[in-house]
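*Asks:* Predicted structure and sequence below. I'll ask about it afterward.
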Amino acid sequence: MATAAAEPQEKIDTIVTDVSDAPHDWDVSNSDIYVEDRWQPIFKEMREKAPINKVVGSAYGDYWNVTTHKPIQHVEALPDIYSSSYEVGGITIGDELEDIPEEYKFQLPMFIAMDRPQHTEQRRTVAPAFTPAEMKRLESDIRRRTAEILDELPRGESFDWVDKVSIELTTQMLAILFDFPWEDRRKLTYWSDWAGDVETANDPDMIEERMKVLFEMGGYFQNLWNERKDQPEAPDLLSKMIHSDAMSEMDQYEFMGNLILLIVGGNDTTRNTMSGYAFGLDQFPDERKRLEENPDLIPNTVQEIIRWQTPLAHMRRTAKEDHNLFGHDIAEGDKVILWYLSANRDENVFDRPDEIIIDRDNARRQLAFGYGIHRCVGARLAELQIRILLEEMAARRLRVNVTGNIERVRACFVHGFRTMDVELSEY
């Protein structure tokens, strides 16, 4: 049985002596606990009693929960043992459906769901779009667009923050990244919502409608590809894909897979953190007031909001060989779920983890963007967009007050909000 010899592993206790006895309450694949916002005590109990445990017989089959900071980093640091490849399961808790029409039995490869060397080659293609120099080039445009959106918001009346701010800002940014037709930019959000919905992907009754949406997306981008394939290379992501050795010869399924990755990654992380900012600081008004009085804390607050919200709840790895993970025997083929939103509430790493503390000295240890070779390629851009939003809110001395309806996403993968009624006030 292989082990990671680089560091000795202490046993992480578990109260599950027989994996078939894993408590049903710990089946955190249940999307109800997220839409009802009651996931926190369940993960807290696991972190205290059994940070690594196995759930048997869930809607997604058997899987291992990994719920604390150190073991998640450990698994992420061993990509040759714990695979991300779509060929063995991919990056989400769901598996490929079997009882579906033959025409839908295909896979959508994407570089986040590949192992080395394919992952390295394809990631290298898009990485230049997210360098520090590129962020500097984009900053003034992001700031201008953010200012325009904020200046158009109503004052003293209720509106949906998710739609008017979070979605609009992230959709505009995606349109810029792809040089996407501006008038159709909301299609990107629509496609992202379908593509990132793990529950829908696991529902045989929804497969036909889901694939119709994804093929619509693929067809739209294929037309853009055909229009641009003979043009000189430009800074947008589609052009970089067209002109790269690693991605220029993709078939339609790999093309669709990578589009899904870039759209969902660019949409959900930023969008749900922007919504988490509005909701979270409303829940902690003393911290909100401190931020209003100390705008120099905005960069650290960005990291803290990302930690507290954790816009993607988990990532999956699949064991490529037998392995001992902190005293637990993981078998080849086992599904290992890395719960980022639980690691970001790990009491052994973060003091008072359920609270937003804007000057938290280790907020940057958050794992919302992952760790290791698969850490989110667009993390810098997400951080930049969120920072600019907070800076432009501060420049206008605007405060977000949650006033009414809040609807959360019903999902165990994307962790965020569908709607949030707010009013703006000045301080």
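*Replies:* Now that the structure is in, tell me what you want to look at.
*Asks:* any idea of the pLDDT on the most far-flung residue of the chain relative to its centre?
*Replies:* For the chain, the residue at maximal distance from the C-alpha centroid (Cα atoms, centre = their mean) is Asp230, at 33.6 Å. Note on Asp230: pLDDT of 91.
*Asks:* Ok, Gly94 next?
*Replies:* On the pLDDT scale, Gly94 gets 88.
*Asks:* hey, where'd the strands end up in the chain?
*Replies:* Listed in chain order, the strands of the chain (DSSP state E) span 52-58, 61-66, 82-83, 159-160, 314-319, 323-325, 328-330, 335-339, 398-408, 417-426.
*Asks:* any chance of these in CSV, plus mean neighbour count and mean pLDDT?
*Replies:* C-betas here are computed from N, CA, C, even on glycine. Below are these laid out as CSV (neighbours: other Cβ atoms under 10 Å; pLDDT from 0 to 100):
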stretch, mean neighbour count, mean pLDDT
strand 52-58, 19, 94
strand 61-66, 22, 96
strand 82-83, 24, 98
strand 159-160, 17, 98
strand 314-319, 24, 98
strand 323-325, 19, 96
strand 328-330, 20, 96
strand 335-339, 24, 98
strand 398-408, 16, 96
strand 417-426, 18, 97
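*Asks:* what's the closest of those strands to Asp151?
*Replies:* strand 398-408 (10.2 Å; Cβ to Cβ).
*Asks:* and Arg316, what is it in contact with?
*Replies:* Residues near Arg316 by Cβ atoms under 8 Å, 6 or more residues apart in numbering: Tyr63, Ser84, Gly89, Gly90, Ile91, Thr92, Ile93, Lys335, Val336, Ile337, Leu338.
*Asks:* of all these, which comes closest to Phe178?
*Replies:* Checking those against Phe178 with Cβ to Cβ, the nearest one is Ile91 at 21.6 Å.
*Asks:* what about that closest one, distance to Asn348?
*Replies:* 26 Å (Cβ to Cβ, to the nearest Å).
*Asks:* Comparing the two, which residue is more hemmed in?
*Replies:* Neighbour count, other Cβ atoms under 10 Å: between Ile91 and Asn348, Ile91 has more, with 23 against 11.
*Asks:* Tell me which helix or strand in the protein has the weakest average pLDDT.
*Replies:* Lowest on mean pLDDT, DSSP states H and E among the helices and strands of the chain sits helix 198-201, with a mean of 80.
*Asks:* packing partners for it?
*Replies:* On a contact count with 3 or more Cβ pairs under 8 Å, 6 or more residues apart in numbering; DSSP states H and E, helix 198-201 meets no helix or strand.
*Asks:* So for it, what gets flagged as buried?
*Replies:* Under the neighbour-count criterion of 16 or more other Cβ atoms under 10 Å, helix 198-201 has Val198, Glu199, Thr200, Ala201 buried.
*Asks:* ok, these vs Asp268, which is closest?
*Replies:* Nearest to Asp268 among those, with distances taken as Cβ to Cβ, is Val198, at 11.7 Å.
*Asks:* Could you tell me the phi and psi values at the residue lying closest to the closest one once chain neighbours are set aside?
*Replies:* Of all residues not flanking Val198 in the chain, Phe413 sits nearest, at 4.2 Å (Cβ to Cβ, 6 or more residues apart in numbering). Backbone torsions for Phe413, taken as degrees, to the nearest 10, come to phi -110, psi -70.
*Asks:* how much space is there between the residue nearest to Ser31 when sequence neighbours are not counted and Phe350?
*Replies:* Nearest residue to Ser31, sequence neighbours excluded (Cβ to Cβ, 6+ apart): Arg410, at 4.8 Å. Plainly put, Arg410 is 27 Å away from Phe350 if you go by Cβ to Cβ.
*Asks:* Nice, that's everything, thank you.
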